[in-house]
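[1] Following is a predicted model, sequence given first.
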Amino acid sequence: MSIDIEDFEVRSPKELEEPSNAERVLRFLYEHRDKAWKASTIAERSGVNKNSISAVLNRLKEQDLVRHKGSYWAITDDTERLRRAHQFHRTVQQFNELYGEEDRDEWTEASDQASE
């Protein structure tokens, strides 16, 4: 994928970041919250690889952000949960911008050392 050089010059690095697969799926399902969709259609319409969509949907289901019945998926009807998840996501992004992203390996190593 490419963008016009004018967009490249005027946009911030944040504006040029691609949304995650989970963000794409949630955005699509929220924009079409009056319907339930098959995973293959969600993948196609949200731009998520068909090989990844099941894992993405299952993670979102574990977080109670989507509902699943048979072969259909829909956004949660718990709008407060969606709002809190979105707020948490924005907060993490702000902390990452201020302090840098955390390194999972560093956390694992520190945890291992603490348990010794």
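    It's in. Keep in mind it's a predicted model, so treat the numbers as computed, not measured.

[2] which outside residues touch the lengthiest helix in the chain?
    Secondary structure of the chain per DSSP state H: the longest helix is helix 79-99. Applying Cβ atoms under 8 Å, 6 or more residues apart in numbering, the external contacts of helix 79-99 come out as Lys14, Glu23, Leu26, Tyr30, Gln63, Asp64, Leu65, Ile75, Thr76, Glu102. No exception for glycine: its C-beta is placed from N, CA and C like everyone else's.

[3] Give the ChimeraX command for selecting the buried subset of those residues.
    Only the buried entries of the contacts of helix 79-99 go into this ChimeraX selection, using 16 or more other Cβ atoms under 10 Å:
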select :26,65,75,76
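
[4] on that earlier part again, now do the buried residues in the longest helix of the chain.
    Leu82, Ala85.

[5] what about the next helix-or-strand element following that helix, distance to the chain center?
    On the C-terminal side of helix 79-99, the closest following helix or strand by DSSP states H and E is helix 104-114. Here the centre of helix 104-114 is set off from its chain's centre by 25 Å, with Cα atoms, centre = their mean, to the nearest Å.
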